[in-house]
Every structure is written in C-alpha cells, then in structure tokens.
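Asks: missing the sequence, but the structure's below:
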C-alpha cells in the first residue's frame with residue numbers, strides 16, 4: 001500500500017461542537033474529493049463540500065447550526081478511499 005495515494009483526515013479539536021467547525025485533512029497531491037455529513041447509521045445527510053483540493057493541508061469550514069443536535073460522522077471520500085470521524089453536534 002502506497003500511503004501517498006491516501007489522504008489523512010484529522011479529528012476535531014473537541015468532542016462536542018457547535019457553530020462553525022473546521023474539518024482538516026492533508027493530501028500528498030491535488031485531487032478531487034467530497035466531505036460528507038453522515039448520520040449515526042452512516043447515511044448521507046448532506047455534502048459539506050465537493051471539488052478539487054490542493055496538495056498539502058486543506059481546511060473545510062462547516063456551519064453546524066442548520067443541523068439537529070446529535071451524533072454524526074463526517075467523511076472524506078476520494079476515488080480510492082473513504083475515511084470517517086465521529087462528531088457530536090450540540091448547538092443548544
């Protein structure tokens with residue numbers, strides 16, 4: 001397995017988030033990717049961002065205020081990987 005072909009998705013700074021959060025990942029080269037919000041059953045709720053991302057570090061900002069409080073996952077999807085991290089949204 002060549003790790004240069006994969007991105008690294010980082011956990012959020014806090015276990016519980018509210019308002020705007022920054023989702024951070026790194027990539028060894030420029031690539032197309034999607035950042036998704038998934039419910040606790042891993043069903044897609046919305047596409048946070050989709051497009052071409054640069055080599056190196058990438059920050060995707062997401063406003064959680066439009067989502068009900070609860071447990072979710074955020075996922076990074078490329079042509080050859082799907083990586084998920086847990087997130088608890090607590091705006092109220």
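Replies: Sure, I can see it. Since the model is a prediction, treat every value here as computed from it, not as a measurement. Numbering: from 1, shown residues only.
Asks: And the helices in this protein, which stretches?
Replies: Here the chain has no helices by DSSP state H.
Asks: Show me the shaky parts of it.
Replies: The chain contains residues with pLDDT under 70 at 1.
Asks: in it, which spans are strands?
Replies: With strands called from DSSP state E, the chain shows them at 8-9, 16-17, 20-27, 31-38, 44-53, 56-63, 70-78, 81-89.
Asks: how close does the closest residue to residue 69 other than its chain neighbours sit to residue 79?
Replies: Leaving aside its chain neighbours, residue 69 sits nearest to residue 90 (5.2 Å; criterion: C-beta to C-beta, 6 or more residues apart in numbering). (Glycine included, C-beta is placed from N, CA and C.) Distance of residue 90 to residue 79, computed by C-beta to C-beta, to the nearest Å: 34 Å.
Asks: more neighbours, those two?
Replies: residue 90 (13 against 8; other C-beta atoms under 10 Å).
Asks: The more buried one: what's it in contact with?
Replies: When the contact criterion is C-beta atoms under 8 Å, 6 or more residues apart in numbering, the partners of residue 90 are 16-18, 69.
Asks: let's go with 6 Å and repeat that
Replies: Taking C-beta atoms under 6 Å, 6 or more residues apart in numbering, we find residue 90 in contact with 16, 18, 69.
Asks: what's the answer for residue 22, then?
Replies: Residues near residue 22 by C-beta under 6 Å, 6+ apart: 59, 61.
Asks: is it in a bridge, and if so with what?
Replies: Counting by DSSP bridges, residue 22 forms beta bridges with residue 61.
Asks: go on, the one 5 residues further on?
Replies: The bridge-partner assignment for residue 27, based on DSSP bridges, gives residue 56.
Asks: Tell me, how many residues neighbour the spatially closest residue to residue 80 that is not a sequence neighbour?
Replies: The shortest distance from residue 80 to any non-neighbouring residue, by C-beta to C-beta, 6+ apart, is to residue 5 (6.1 Å). Using other C-beta under 10 Å, the number of residues around residue 5 comes to 14.
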